[in-house]
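# Fold the following for me, if possible:
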Amino acid sequence: MTEHQNIEYKSNWRDEYLKWICAFANSNGGRLYIGIDDEGKVIGIDNAHELLEQLPNKFRDILGVFAEVNLLDENDNLHIEIIVPRYDVPISLRGKYYIRVGSTIQELKGPALNEFILKRTGKTWDDIPEQRASIDDIDESTVQQFLKDIRKSKRINVEDDISIEDLLMKLRLIESNQLKRGSIVLFGKDPGKFYPNIAVKIGKFGTSDTDLKFHEVVEGNLIQLKDKIGEMLNSKFFIHPIDFMGMQRVEKDEYPVAAIREMILNALVHRNYIGAQTQIRMYDGHFRVWNDGGLPEGITEEDLKKVHSSKPRNPLIADICFKGGYIDSWGRGTIKIIEACHEAGLPEPDLKEEQGGFLSKIYKDRFTEEQLKKMGLSEKQIKVVLHVKKNGRIINKEYQKLFKVSRETATRDLGVLTKMGILKSSGSRGAGSYYTIAP
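Residues are numbered from 1 along each chain as shown. Purely as a prediction, here's the structure:
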C-alpha cells in the first residue's frame, strides 16, 4: 500500500504530526501509520504500547477529536495505525487550521480560512447577515431592473406591486430583519462601502504583463456590473463593439460574445468577495478574466470540459442570478465558453486554477506560434503557416525556395497541412496551386 491523499507513513511519532491529524479531520479523513517508512515497508517502533495509550489522549486534549488508534504486528514489527474520521466542524491545532491537499498539508489563512469555517458551520459567505446594513442601503433602480428581468426570464413569480422588503424576503435575502451580504452584493447602493474589493479592474496590455497601455475600474453592485463591464469594454477596449444583450456574433477578428459574457458572469457570481478584485485583461492576442477563489472541492479542471455538478461558492447569489435570467443551468458555464470558441473557429480556451483563483482565457487567433505548438506542428510547419498568415498565401515554388526542397516534397508537405485543415488549396495562379489559411 503506497502513500496517497488519505494515507501517510511515518517512521516514528513526533508531536508535529498532530498537523496531519488536524488536516485529515478537516478534509476527508485518513490514516496515519507510525512505524512504516516512506516506501511502505514496516520497520516497527519500540514504543508502540506507550503510543497506544498516549495518542488518544493527545488527540482529545489538544485537537478535540477522537481517532481510532490500533496496534498492528507484522513479523514481530509492532506499528501503529491511526484512523481519523472527517469532522463536519472545523478543527484547529493551537489556533491554526490545516487541510490535506494531495499528499501534502496546507495551513489555511485569510479568505480561504474564513470560507472553510463558514462551510463547516453550514453557512456560505453570501448567506451571512450584514450587521452594518439597512434597507436604505438597497438601490431602488437596481431592484426595478431586476423585476423587469425576472418577468422576462419567468423563473419566479412576483407580484407587480411587491415592495423592496417583500422582494428581498421572497429571495431569502433577509434573516431576522437583517439584510444578508448577498443583498448588498446584488442590490446595494454602494457595495464598496461594505466590501472594498467588489470593484472590477480592466486593463489593456500589449505583448506582456509589463506592457500596460491603460486601465479602468468599474464599480457598482453585481446587477450593475454585468452591464457596466460590457459598456466599458465596448467603449474603450474592443476594436469592434459587440452586442452583449442580443448575443450577436462579432466580427471575425474579435472574440465570441457568448464566451465573453459567460466569463464575466462566472467571475461575478462565483468569486470570493472578500478576496482580491476581479481582473479583466485584454492583450493583443487573448482576453482573460481572473477572479479570486479556486474550484470547489471535488471539481477538477477536466470536469469543466463536460457537464458537472454545481457547487457554487455563493449559492444565494447564484440562485438569484439564475432567477433573473443572467445565468443558465448551473454546471454549464464553462461548456458554453468552450462551445462558443469552437463555433468561432478559435482555439480551446484555458480554464484553470491560477494564483489562488480561477482563470478563463480565450484566444483571438488559432494560428499564433503558441497555438501551433499546442497543435503539435513541427518548426518547419509552423514557419509555413506563419508565412501564409503574413503574406496571405504561398505557392509551391515559394515553398521550394523557402525550404530548399523539390517540387514533390513541397507538394507533399503542403498536402499534409491541407489534410490537417490548416491550409486550403485555392486553385492556381500561373506558377501552380497556391494555399491560404483554411477558414
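# quick one: the helices in this protein?
Ranges of helices in the chain, per DSSP state H, are 18-26, 48-58, 110-120, 140-153, 164-170, 181-187, 222-232, 257-270, 315-323, 333-343, 369-374, 379-391, 396-403, 407-419.
# would you list the ones you listed in CSV and tack on mean neighbour count?
Just so you know, the C-beta spots here come from the backbone N, C-alpha and C atoms, and that holds for glycine as well. Output for the helices of the chain, formatted as CSV (neighbours: other Cβ atoms under 10 Å):
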stretch, mean neighbour count
helix 18-26, 24
helix 48-58, 15
helix 110-120, 16
helix 140-153, 14
helix 164-170, 16
helix 181-187, 28
helix 222-232, 20
helix 257-270, 23
helix 315-323, 22
helix 333-343, 19
helix 369-374, 15
helix 379-391, 16
helix 396-403, 16
helix 407-419, 15
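# now these as a markdown table including mean pLDDT and distance to Q355?
Output for these, formatted as a markdown table (pLDDT from 0 to 100; distance: least, Cβ to Cβ, whole Å):
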| stretch | mean pLDDT | distance to Q355 |
| --- | --- | --- |
| helix 18-26 | 95 | 22 |
| helix 48-58 | 94 | 37 |
| helix 110-120 | 82 | 13 |
| helix 140-153 | 96 | 31 |
| helix 164-170 | 96 | 35 |
| helix 181-187 | 98 | 23 |
| helix 222-232 | 95 | 21 |
| helix 257-270 | 93 | 14 |
| helix 315-323 | 95 | 23 |
| helix 333-343 | 89 | 19 |
| helix 369-374 | 80 | 20 |
| helix 379-391 | 85 | 30 |
| helix 396-403 | 87 | 42 |
| helix 407-419 | 88 | 37 |
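# Out of these, the one nearest G285 is which?
The closest of the helices of the chain to G285 is helix 369-374. By Cβ to Cβ, the value is 8.1 Å.
# who's in contact with the closest one?
P347, Y363, D365, Q381, I382, V385, L386 (Cβ atoms under 8 Å, 6 or more residues apart in numbering).
# Go again with 7 Å.
P347, Y363, I382, V385, L386 (Cβ atoms under 7 Å, 6 or more residues apart in numbering).
# Please compute how far it lies from its chain's middle.
Centroid separation for helix 369-374 versus its chain: 23 Å, with Cα atoms, centre = their mean, to the nearest Å.
# what does stretch 84-92 contact?
21-22, 24-30, 32, 63-65, 67, 97, 116-117, 120.
# How about the contacts made by G356?
For G356, the contacting residues are D292, G294, by Cβ under 7 Å, 6+ apart.
# how close does A112 sit to E297?
Distance, A112 to E297, by Cβ to Cβ, to the nearest Å: 12 Å.
# one step back: nearest to Q145, of the contacts of helix 369-374?
Among those, and counting by Cβ to Cβ, the member closest to Q145 is Y363, at 33.4 Å.
# now the helices of the chain as CSV including distance to L359?
Shown next, in CSV, are the helices of the chain (distance: least, Cβ to Cβ, whole Å):
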stretch, distance to L359
helix 18-26, 26
helix 48-58, 42
helix 110-120, 17
helix 140-153, 28
helix 164-170, 33
helix 181-187, 22
helix 222-232, 17
helix 257-270, 10
helix 315-323, 20
helix 333-343, 12
helix 369-374, 16
helix 379-391, 26
helix 396-403, 38
helix 407-419, 31
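# And those: which comes nearest H79?
Among those, the nearest to H79 by Cβ to Cβ is helix 48-58 (6.6 Å).
# okay, the angle between the closest one and helix 18-26?
Going by axes from the mean of the first three to the mean of the last three Cα atoms, to 10 degrees, helix 48-58 is angled at 60 degrees with respect to helix 18-26.
# Dump helix 48-58 to PDB, keeping only the CA atoms.
Output of helix 48-58 as PDB, limited to C-alpha atoms (Å, rounded to 0.1, in the frame of the first residue of the first chain):
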ATOM      1  CA  ALA A  48       4.200   1.100  20.300                       C
ATOM      2  CA  HIS A  49       2.400   0.200  23.600                       C
ATOM      3  CA  GLU A  50       3.100   3.700  25.000                       C
ATOM      4  CA  LEU A  51       1.700   5.400  21.900                       C
ATOM      5  CA  LEU A  52      -1.300   3.200  22.000                       C
ATOM      6  CA  GLU A  53      -2.200   4.800  25.400                       C
ATOM      7  CA  GLN A  54      -0.800   8.300  24.800                       C
ATOM      8  CA  LEU A  55      -2.100   9.300  21.400                       C
ATOM      9  CA  PRO A  56      -5.800   9.100  22.000                       C
ATOM     10  CA  ASN A  57      -5.400  11.500  24.900                       C
ATOM     11  CA  LYS A  58      -3.300  13.900  22.800                       C
END
